[in-house]
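K.L.:
Need coordinates for the following:
(chains A and B)
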Amino acid sequence: MWLSYVLIGSVRALLGATPRWVGSKPEQRQRIYFANHTSHIDTVAIWSALTPDLRAKTRTAAAADYWGSSALKRTIALKALNAVLIDRKRTDPQADPLGPLHEVLDAGQSVIIFPEGTRQPQPLPGAFKSGLYHLAQRFPDVELIPVYLDNLHRSMPKGTYLPVPLICTVRFGAPLPRIPEEDKSAFLERARTAVIELAK
Amino acid sequence: MNPSHKLYWLIGGVVVLLVVASAIGRILRVRVKDDNAAAVVDNLNARVRAWWSMVAIFAAAFLLGRNATIAMFALISFFALREFLTLTPTKIGDHRALSVAFFVLIPVQYLLIATNWYGLFSIFIPVYGFLFLPSISVLAHDTEHFLERSAKIQWGLMIAVY
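P.N.:
Residues are numbered from 1 along each chain as shown, chains lettered A, B, ... in the order given. Prediction:
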């Protein structure tokens, strides 16, 4: 859609959003990208950093209570960013909030998720929610790629509506190794450390 | 010799210099044998190529006329200020002031130049910017390192825009 090109173009012009592939390569494989979350531009920044053929097969998770709350936000999320809306408030307690992501991954596509669940004021990520763990359990063959978004917390922090042009980089790390029988909190902490390592 | 003749001579001279530099780079590349020296020559050639593109952009802007030149310098200011502020530690409290610096001060400064309003453009950033930006920052109620932060933003504007 034309709006996605407008968004990607303006993020490139204002912020650069250049990719740094530190431990992995931009390859056509099924992946779960997980990143620190500090601004509304995060999704577009990761998208701009991916090559067009990867971008076509990568979808983002977005919170249904925020991005589904008005017609404009809905259009941006669904049409321009090709996002998958996640019911993070669990309005239907029977339904699995990760259900929409399972469908996307079952279809062979990659996903971008922000495991903290919400935007943070500081650059280094806080505690991860368990969504990443459940996805990793259910899809053992998908690569888990940590992503660190640098400087975006300064460019457009929570509560502001206009990005300040600062040079931002998107760092992609090495795939998180799988350790059999690892428990949930150890896995989430390891994933979080992988993102923090990229910040150095 | 009128000014446009001078400009052609200048562009011609620079192009001749660059042709000489490129030719030397080519010859050196053929003559060097070991890897270290080859890396140095490759680096030199990359720099010469970068100069070619810089000169091409400047020449195109000058030849397109006054407004194109002003627009080009506005863009250079924008990228320079972005570079400067990326390396400058700022806080959330400065967010509005920074937005104003990028999206208001740069366009207004270059509009003043384009319309030949010398009296205002010579004091717009050093006087009005100097008073106005800290006043916006102060509304964010963040007093920590306030003078330092204001001074850094002001210096960035002076160097990159003014």
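K.L.:
could you pull out the strands for chain A?
P.N.:
Applying DSSP state E to chain A gives strands spanning A:16-21, A:31-35, A:58-63, A:84-86, A:110-113, A:143-150, A:168-172.
K.L.:
Neighbouring strands - and their directions - for the fifth one?
P.N.:
Within its sheet, strand A:110-113 is paired with strand A:31-35 (parallel), strand A:58-63 (parallel), according to DSSP bridges.
K.L.:
deepest of the ones you listed, which one?
P.N.:
strand A:31-35 (a mean of 25; mean count of other Cβ atoms under 10 Å in any protein chain shown). (C-beta placed from N, C-alpha, C; glycine too.)
K.L.:
So for that strand, mean pLDDT?
P.N.:
The pLDDT scores in strand A:31-35 average 92.
K.L.:
ditto for stretch B:98-110
P.N.:
93.
K.L.:
Phi first, then psi, for the residue positioned nearest the centre of chain B.
P.N.:
Centroid-nearest residue in chain B, with Cα atoms, centre = their mean: residue B:76, separated by 3.5 Å. Main-chain torsions, residue B:76, degrees, to the nearest 10: phi -60, psi -40.
K.L.:
next one: residue A:96
P.N.:
The phi/psi pair for residue A:96 (degrees, to the nearest 10) is phi -80, psi 120.
K.L.:
Check the residue nearest to it when sequence neighbours are not counted and give its pLDDT.
P.N.:
Excluding the flanking residues, the one nearest residue A:96 by Cβ to Cβ, 6 or more residues apart in numbering or on different chains is residue A:102, at 7.5 Å. Residue A:102 carries a pLDDT value of 89.
K.L.:
For residue A:102, give me its contacts.
P.N.:
A:96, A:135, A:138 (Cβ atoms under 8 Å, 6 or more residues apart in numbering or on different chains).
K.L.:
nearest to chain B, of those residues?
P.N.:
In terms of Cβ to the nearest Cβ, no member of these lies closer to chain B than residue A:135, at 32.0 Å.
K.L.:
I figured that closest one was touching residue A:32, is that so?
P.N.:
Yes. Counting by Cβ atoms under 8 Å, residue A:32 is a contact partner of residue A:135 at 5.9 Å.
K.L.:
Any figure for the gap between residue B:107 and residue A:77?
P.N.:
Using Cβ to Cβ, to the nearest Å, we find residue B:107 at a distance of 31 Å from residue A:77.
K.L.:
Can you tell me the element residue B:84 falls in?
P.N.:
Secondary structure assignment for residue B:84, by DSSP states H and E: helix B:66-87.
K.L.:
Quick check: mean pLDDT of that helix?
P.N.:
Helix B:66-87 shows an average pLDDT of 92 in the prediction.
K.L.:
CA-only coordinates of it in CSV, if you can.
P.N.:
Written as CSV, here are the backbone C-alpha positions of helix B:66-87 (Å, rounded to 0.1, in the frame of the first residue of the first chain):
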residue,chain,number,x,y,z
ARG,B,66,20.1,30.8,-6.2
ASN,B,67,17.0,29.0,-4.8
ALA,B,68,18.5,25.6,-5.5
THR,B,69,21.7,26.6,-3.7
ILE,B,70,19.7,27.8,-0.7
ALA,B,71,17.7,24.6,-0.6
MET,B,72,20.9,22.5,-0.8
PHE,B,73,22.4,24.4,2.2
ALA,B,74,19.2,24.0,4.1
LEU,B,75,19.4,20.2,3.6
ILE,B,76,23.1,20.3,4.6
SER,B,77,22.2,22.2,7.8
PHE,B,78,19.5,19.6,8.5
PHE,B,79,21.9,16.6,8.2
ALA,B,80,24.6,18.4,10.1
LEU,B,81,22.3,19.3,13.0
ARG,B,82,21.0,15.7,13.0
GLU,B,83,24.6,14.4,13.2
PHE,B,84,25.4,16.9,16.0
LEU,B,85,22.4,16.1,18.1
THR,B,86,22.8,12.4,17.7
LEU,B,87,26.1,12.7,19.5
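K.L.:
relative orientation of that helix and strand A:16-21 in degrees?
P.N.:
50 degrees (axes from the mean of the first three to the mean of the last three Cα atoms, to 10 degrees).
K.L.:
what's helix B:66-87 packed up against?
P.N.:
Under the contact criterion of 3 or more Cβ pairs under 8 Å, 6 or more residues apart in numbering or on different chains; DSSP states H and E, helix B:66-87 touches helix B:35-64, helix B:106-114, helix B:146-160.
K.L.:
re earlier: which of residue B:107 and residue A:77 has more residues huddled nearby?
P.N.:
Taking other Cβ atoms under 10 Å in any protein chain shown, residue B:107 and residue A:77 do not tie; residue A:77 has more neighbours (21 against 12).
K.L.:
Show the contacting residues for the more buried one.
P.N.:
Neighbours of residue A:77 in contact, by Cβ under 8 Å, 6+ apart: A:62, A:67-68, A:83, A:85.
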